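> heads up, no residue letters with this:
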């Protein structure tokens with residue numbers, strides 16, 4: 001007679017099998033719970049960022065593109081932390097490679113390919129996603145069709161490489177064969193009173209779509225080498241005052 005623990009384990013294995021058939025995978029190259037995404041980890045099926053699949057990021061303005069590349073760099077930091085390599089393909093590169101060091105990424109871990117035509121970017125990204133020696137592939141372009149996104153998803157099903165598709169000011173925001181769709185907007189960072197500097201990278205993170213998960217919005221910052229919830233300095237003061245009023 002099966003115990004409750006046996007039944008729960010059977011259910012867990014069945015869910016894992018269904019997720020695998022739907023394109024989700026916990027890559028053997030990296031533990032599924034090691035990306036350190038903090039507050040929005042629970043939005044994903046199984047409670048971990050889906051690896052071995054393709055994710056879409058949409059930027060509507062140049063400033064958003066810079067913020068999105070910063071957020072993507074935070075994701076890459078975990079993907080290449082164990083010695084992996086990333087391919088970054090674009091026809092409008094908007095990232096400053098030495099700036100990757102701020103996210104703990106050695107620039108030599110990222111291979112940059114700059115191409116003139118978007119169709120060439122798509123072709124290079126597809127080839128990169130088929131290469132199991134890579135941990136991730138980032139592709140920057142504007143438009144692609146659903147069929148083209150399907151080809152990218154098919155490419156990762158064997159290699160288990162994670163694809164990060166960054167679309168700059170797309171004219172069309174139709175559905176693609178991607179596991180998630182994101183929109184990242186920069187927020188003003190805050191420093192302790194009297195401290196110099198520009199603060200930590202801070203974002204309004206909108207998870208617009210996630211297959212079998214729960215979309216949502218979060219305010220996050222990159223601090224101490226990981227994503228952390230962001231609370232503006234004014235909010236912290238209000239919390240402090242409310243505590244004083246409570247004990248008055």
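Arrived safely. Bear in mind the structure is a predicted one, so any value in this text is a computation, not a measurement.
> for this structure, what spans make up the helices?
In the chain, the segments counted as helices under DSSP state H are 4-21, 62-79, 118-129, 146-159, 233-247.
> could you say what helices and strands the second one packs with?
Yep, that's helix 62-79 we're talking about. With contacts taken as 3 or more C-beta pairs under 8 Å, 6 or more residues apart in numbering; DSSP states H and E, helix 62-79 sits against strand 54-59, strand 136-141, strand 162-168, strand 180-186, strand 202-210. Where C-beta positions appear, they are placed from N, C-alpha and C, glycine not excepted.
> Name the strands paired with the longest one and say parallel or antiparallel.
Just to be clear, that refers to strand 202-210. Applying DSSP bridges to the sheet, strand 202-210 is found paired with strand 180-186 (antiparallel), strand 216-223 (antiparallel).
> could I get the ones you listed as TSV with distance to residue 101 and mean neighbour count?
Below are the strands paired with strand 202-210 laid out as TSV (distance: least, C-beta to C-beta, whole Å; neighbours: other C-beta atoms under 10 Å):
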stretch	distance to residue 101	mean neighbour count
strand 180-186	20	20
strand 216-223	13	17
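> related to what we said a few turns ago, what's the least confident stretch among the helices of the chain?
When the helices of the chain are ranked by mean pLDDT, helix 233-247 comes last with a mean of 44.
> Select from the strands paired with strand 202-210 the stretch with the lowest mean pLDDT.
Looking at those, the lowest mean pLDDT belongs to strand 216-223 (a mean of 91).
> That one vs helix 62-79, what angle?
Between strand 216-223 and helix 62-79, the angle comes out at 70 degrees (axes from the mean of the first three to the mean of the last three C-alpha atoms, to 10 degrees).
> Need the residues that contact strand 216-223.
Residues outside strand 216-223 that contact it (C-beta atoms under 8 Å, 6 or more residues apart in numbering): 38-40, 43, 70, 74, 102-103, 187, 189, 200-207, 227-231.
> Repeat the analysis, applying 10 Å as the threshold.
Under the criterion C-beta atoms under 10 Å, 6 or more residues apart in numbering, residues 37-40, 42-43, 70-71, 73-74, 77, 102-104, 183-184, 187, 189-190, 199-208, 210, 226-232, 235 lie in contact with strand 216-223.
> Give me the PyMOL select line for these, limited to the buried ones.
In PyMOL syntax, the buried subset of those is picked out as below (16 or more other C-beta atoms under 10 Å):
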select buried, resi 37+40+43+70+71+73+74+77+103+104+183+184+187+189+190+200+201+202+203+204+205+207+210+226+227+228+230
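> How many neighbouring residues does residue 173 have?
Using other C-beta atoms under 10 Å, residue 173 is surrounded by 13 other residues.
> Now it, what are its backbone angles?
phi -120, psi 50 (degrees, to the nearest 10).
> coming back round to it: between the helices and strands packed on helix 62-79, which one is closest to residue 97.
strand 136-141 (12.3 Å; C-beta to C-beta).
> average pLDDT across that closest one?
Here the average pLDDT along strand 136-141 is 96.
> angle of that strand against strand 162-168?
Going by the same axes, to 10 degrees, strand 136-141 makes 20 degrees with strand 162-168.
> Show me what strand 136-141 is packed against.
strand 54-59, helix 62-79, strand 86-90, strand 110-114, helix 118-129, helix 146-159, strand 162-168 (3 or more C-beta pairs under 10 Å, 6 or more residues apart in numbering; DSSP states H and E).
> Excluding chain neighbours, what is closest to residue 163?
Nearest residue to residue 163, sequence neighbours excluded (C-beta to C-beta, 6 or more residues apart in numbering): residue 54, at 3.8 Å.
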